[in-house]
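[1] how does the following fold in three dimensions:
(one chain, ligands or ions: 1)
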Amino acid sequence: MNDVIETAGMVLFAAPVGEYDKRLVLLTTGLGRVTVFANGARRQGNAWQAATQPFASGTFRLYPGRNAYTLRGAQIKEYFMPLRADLEAAAYASYFAELASYYTRENLEAKNVLNLLYLAVEALLRPEADKQTVRLLFELRMFAEAGEFPDVTACAVCGKELSGSAYFLGPGRGFACPDCGAAKDGGVLLDAAVMTVLRAAVTGKLSILFRLPVTEPVKDGLRTVARRMRRLLNEREFKSLPVLEALTDSP
Ligand SMILES: [Zn+2]
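    Below is the predicted model:
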């Protein structure tokens, strides 16, 4: 007989199934990204109605089945309710959930991605938030957590430690020192301030990621890098992107 598993997690997506049930995609620390059926969650007055909304975060009790889990209990610590009233923040959050889903799998440890997503949604809802900057920081860190971000500490050509300005040569080619990089090979020169924030964003503590000081010129630099990194994605798979782009200027 299988045992109920208790794990921290967040609801990424929720869809109706049948008359009263919901199918959830849950990102968890222990099990990675899993499919969970919440039976009766759409019944009037069901205790799970709120716990099975997208972005509800907390501890979930799951019963393993052959292809999916069944929800047995949930203790929600954060519902992110203001997302229901903020269309723009909700559009960003949906894109973040899709990107997190894109890079996670069942049985693939997802503690950092879960933490990153939680902090990003929290950052979106701060009154002073620059949502475009939150998006750029989230994307850059997501690429790093997925192991797709190139080394930002050493020149990809001569191996010298990078300090000060550097050229970004693209996702596959990495960063080069000013002696090795050149604009004629498609490199983009990023100044020391951009490189400092970029290094902190991809290798620093997650807890301070969305508190990094991002000035307008630094934001421009991060945008340049993020745009090139996005070429790694199959953007057609992202249902949230057209919505996000209709509501905001693409950073
Ligand atoms: Zn070099």
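[2] tell me the pLDDT of Pro251.
    Per-residue confidence (pLDDT) for Pro251: 66.
[3] how far away is Val11 from Ala91?
    Note on Val11: its distance to Ala91, by CB to CB, to the nearest Å, is 17 Å. Glycine gets a C-beta too; all of them are placed from N, C-alpha and C.
[4] and these two? which has more neighbours close in?
    The neighbour count for Val11 versus Ala91, taken as other CB atoms under 10 Å, is higher for Val11 (25 against 22).
[5] surely that one forms part of a helix?
    No: counting by DSSP: H, G, I helix; E, B strand; the rest coil, Val11 is not found in a helix; it is strand.
[6] test my guess that it contacts Gly58.
    No: counting by CB atoms under 8 Å, Val11 does not reach Gly58; the two are 9.6 Å apart.
[7] hey, what's in contact with both of the two?
    Common contacts of Val11 and Gly58 (CB atoms under 8 Å, 6 or more residues apart in numbering): Ala51.
[8] residue contacts, Ala8?
    Each residue near Ala8 by CB under 8 Å, 6+ apart is listed here: 28-30, 57-60, 114.
[9] nearest to the ion, out of those: which one, please.
    Leu114 (36.4 Å; CB to the ion).
[10] which ones are touching the closest one?
    With contact set as CB under 8 Å, 6+ apart, Leu114 has these partners: 8-10, 27-29, 100.
[11] got CSV for those residues, with pLDDT and secondary structure too?
    Shown next, in CSV, are those (pLDDT from 0 to 100; DSSP: H, G, I helix; E, B strand; the rest coil):
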residue, pLDDT, secondary structure
Ala8, 97, strand
Gly9, 98, strand
Met10, 98, strand
Leu27, 98, strand
Thr28, 98, strand
Thr29, 95, coil
Ala100, 97, helix
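[12] go through those residues and name the one nearest Glu245.
    Ranked by distance to Glu245 (CB to CB), these are led by Ala100 at 18.9 Å.
[13] I'd say that closest one and Met142 touch.
    Yes: contact criterion CB under 8 Å: Ala100 and Met142 qualify, at 6.9 Å.
[14] need the residues touching each of the two.
    Contact criterion CB under 8 Å, 6+ apart; residues shared by Ala100 and Met142: 113, 116.
[15] part of a strand, is Arg23?
    Yes: assessed by three-state DSSP, Arg23 belongs to a strand.
[16] quick check: bridge partners of it?
    Ala15, Phe37 (DSSP bridges).
[17] residues in contact with it?
    So Arg23 contacts 14-17, 35-38 (CB under 8 Å, 6+ apart).
[18] now those residues: which count as buried?
    Using 16 or more other CB atoms under 10 Å as the burial test, these include 14, 36-38 as buried.
[19] count of neighbours near the closest residue to the ion within the stretch 1-150 of the chain?
    When scored by CB to the ion, the stretch 1-150 of the chain has Pro150 as its residue closest to the ion, at 13.6 Å. Using other CB under 10 Å, the number of residues around Pro150 comes to 19.
[20] for Phe238, grab phi and psi.
    Note on Phe238: backbone dihedrals following degrees, to the nearest 10 are phi -100, psi 100.
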